[in-house]
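[1] after the sequence you'll find the predicted model.
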Amino acid sequence: MRGLQWFNALSAGATPVEGLPASLRVADGQAGRFIAVVTDEHNRFPRARNGEVGLLEGWGLAKAVDEAIARGDKRPIIAIVDVPSQAYGRREEALGIHQALAAAADAYARARLAGHPVIALLVGKAMSGAFLAHGYQANRLIALRDPGVMVHAMGKASAARVTLRSVEELETLAASVPPMAYDIDSYASLGLLWETLSVSRIEQPTPEDVARVRECLAAAIKDITATDLSGRLGAPHRAASSHVRQLLREQW
């Protein structure tokens, strides 16, 4: 429920956007368009009832962002991220979840390239294809500092099965290999976060918490001067990526 709590707090007084799935919350305010994926126990797709990003959510996100682009005012887009996973299921695969999530990612990227300041605020889990579809294409990534805020390609149990290790072994490995870790400090060491913030009550934000996050969002929007993602390559743990890009530019 973190995503919903922060959406309600940050979009207070904003105008709700109708015509979208019940698992999406979208509102237009002075600060921009706020977008969040929330739980929906009545979702027609059972695999997407706990905040996962599935078919309806992927296409709904694309519609919400495309509508913002169509307005032509380059308003900021703030993606509030609390997504435990993409929706895994046979129906999702048969009906093209890859296309739905790709449409969402494409819409965010087109908004960024069109000059919309796109900010992703991580308030909970940011996992797998769900994060790629909702938030990862942002100009700036901001994370709240809390053990419940995690970023990874998959959950620990799934990662353990894929790598044929125990969860405990994975946690030991993550201590020396930052990309294997789930905590925000390890993710920040990869250079992908613009800022991390501490708040007093992440589950139910106080007025002071909301004011601090709003101030950070405003600063992030003001800081954006380009439409690309080159700012993510400056961290020491991204040195190899930077070198590869340099060689590609030289050779191509």
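    Now that the structure is in, tell me what you want to look at. Quantities reported herein were computed from a predicted structural model and do not represent experimental measurements.
[2] show me where the chain has its helices.
    2-10, 55-71, 90-94, 97-113, 128-133, 156-163, 167-174, 184-188, 207-223, 239-251 (DSSP state H).
[3] mind checking those helices for the one nearest to L24?
    Closest to L24 of the helices of the chain, according to Cβ to Cβ: helix 55-71, at 4.7 Å. The way it works is simple: take the backbone N, C-alpha and C, and place the C-beta from them, glycine included.
[4] buried ones in that closest one?
    Neighbour-count burial for helix 55-71, counted by 16 or more other Cβ atoms under 10 Å, picks out 55-65, 67-69.
[5] just stretch 197-214 next, same as before
    Buried residues in stretch 197-214 (16+ other Cβ under 10 Å): L197, V199, I202, P205, D209, V210, R212, V213.
[6] my read is that the fifth one contacts V199, right?
    Yes - with contacts defined as Cβ atoms under 8 Å, D209 counts as touching V199 at a distance of 4.1 Å.
[7] CA atoms of stretch 104-117 as PDB?
    Taking C-alpha atoms only, stretch 104-117 is exported to PDB below (Å, rounded to 0.1, in the frame of the first residue of the first chain):
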ATOM      1  CA  ALA A 104       4.600   1.500 -21.100                       C
ATOM      2  CA  ALA A 105       8.400   1.800 -21.200                       C
ATOM      3  CA  ASP A 106       8.200   3.300 -24.700                       C
ATOM      4  CA  ALA A 107       5.700   5.900 -23.600                       C
ATOM      5  CA  TYR A 108       7.900   7.000 -20.700                       C
ATOM      6  CA  ALA A 109      10.900   7.200 -23.000                       C
ATOM      7  CA  ARG A 110       9.100   9.200 -25.600                       C
ATOM      8  CA  ALA A 111       7.800  11.600 -22.900                       C
ATOM      9  CA  ARG A 112      11.400  12.100 -21.700                       C
ATOM     10  CA  LEU A 113      12.700  12.600 -25.200                       C
ATOM     11  CA  ALA A 114       9.900  15.000 -25.900                       C
ATOM     12  CA  GLY A 115      11.100  17.200 -23.000                       C
ATOM     13  CA  HIS A 116       8.800  16.100 -20.200                       C
ATOM     14  CA  PRO A 117      10.800  16.000 -16.900                       C
END
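[8] picking up where we left off before, of the buried residues of stretch 197-214, which is the nearest to P76?
    Nearest member of the buried residues of stretch 197-214 to P76, counting by Cβ to Cβ, is V213, at 13.8 Å.
[9] kind regards, and thank you for your time.
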